[in-house]
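Novice: Could you look at this predicted model? Sequence included:
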Amino acid sequence: MKWLKEIWGWVGSFAIAFVFAVLIGIFVFQPYKVDGHSMDPTLHDRERVYVSKLPHTFSYVPNYGDIVIIDSRVDRDRTFKDDFMGNPLFLLITGKTDDQVFYVKRLIGKPGDTIEIKSHQVYRNGQLLDEPYIKEAMNAPDGKWTVPAKHIFVMGDNRNNSRDSREIGFIPLDHLMGKKIL
């Protein structure tokens, strides 16, 4: 009988630790892996980044120029189930992957901003952005976007090899998973 109590104590401890780890992964802190070259030269393919989930948890917008993680499925609403299923512990246990839906990008525009590309350069609200982090001159057609309320505009640092707001559209704030901290 004593050994049964011992086993039950261990099971309870592991269960509490598991719940605690899942909650931290959903609401506070989560690792992500860079997949591709859209953030070269700042971040490289297969590099691991650690992300503060607080912008997602408390629905606030990080600063201009911050590196953020987004859910690229902007054509659908996110639910708590998405947050739970995207938790690294859940993915590890089930053997599932994130299906490459999470993108690492740089925050360029906040709600109400006007983003314009002209002569291969990016302007925010009429001001040319100083972007020492981009890989090379951008070969993109001119365009102009006004960021709607509760959305952001993101771009990769490797502008010629990046699937970002120019292609997938504005990112709803609930699709902003967090910002890079390490």
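Specialist: Alright, I've got the coordinates.
Novice: And S72, what's its pLDDT?
Specialist: If you check S72, the pLDDT there is 86.
Novice: ok, it to G126 distance?
Specialist: 29 Å (Cβ to Cβ, to the nearest Å). Where C-beta positions appear, they are placed from N, C-alpha and C, glycine not excepted.
Novice: the more surrounded of those two?
Specialist: S72 (18 against 7; other Cβ atoms under 10 Å).
Novice: And for E116, the neighbour number?
Specialist: 17.
Novice: now the one 5 residues further on
Specialist: Using other Cβ under 10 Å, Q121 has 15 other residues around it.
Novice: Touching, it and Q127? I think so.
Specialist: No: counting by Cβ atoms under 8 Å, Q127 is not a contact partner of Q121; they are 10.9 Å apart.
Novice: At which residues are the helices of this protein located?
Specialist: Secondary structure of the chain (DSSP state H): helices at 2-27, 54-58, 80-85, 88-94, 165-168.
Novice: As JSON lines, the ones you listed with mean pLDDT, distance to V104 and mean neighbour count would be great.
Specialist: Listed next are the helices of the chain as JSON lines, based on pLDDT from 0 to 100; distance: least, Cβ to Cβ, whole Å; neighbours: other Cβ atoms under 10 Å:
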{"stretch": "helix 2-27", "mean pLDDT": "82", "distance to V104": "17", "mean neighbour count": "11"}
{"stretch": "helix 54-58", "mean pLDDT": "77", "distance to V104": "14", "mean neighbour count": "16"}
{"stretch": "helix 80-85", "mean pLDDT": "72", "distance to V104": "18", "mean neighbour count": "13"}
{"stretch": "helix 88-94", "mean pLDDT": "59", "distance to V104": "16", "mean neighbour count": "12"}
{"stretch": "helix 165-168", "mean pLDDT": "94", "distance to V104": "14", "mean neighbour count": "16"}
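Novice: Now distance to L43 too, for those, in CSV please.
Specialist: Formatted as CSV, the helices of the chain follow (distance: least, Cβ to Cβ, whole Å):
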stretch, distance to L43
helix 2-27, 21
helix 54-58, 18
helix 80-85, 23
helix 88-94, 18
helix 165-168, 18
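Novice: Any idea which of those gets closest to P41?
Specialist: helix 165-168 (19.7 Å; Cβ to Cβ).
Novice: what's the closest one in contact with?
Specialist: 72, 74, 105, 108-109, 115, 117, 140, 143, 145, 152-155, 171 (Cβ atoms under 8 Å, 6 or more residues apart in numbering).
Novice: for this protein, what spans make up the strands?
Specialist: Ranges of strands within the chain are 29-33, 48-52, 67-71, 102-109, 114-118, 121-124, 127-128, 143-146, 151-155, 171-172, 176-180, based on DSSP state E.
Novice: if you average pLDDT over the fourth one, what comes out?
Specialist: I take that to be strand 102-109. For strand 102-109, the mean confidence score works out to 94.
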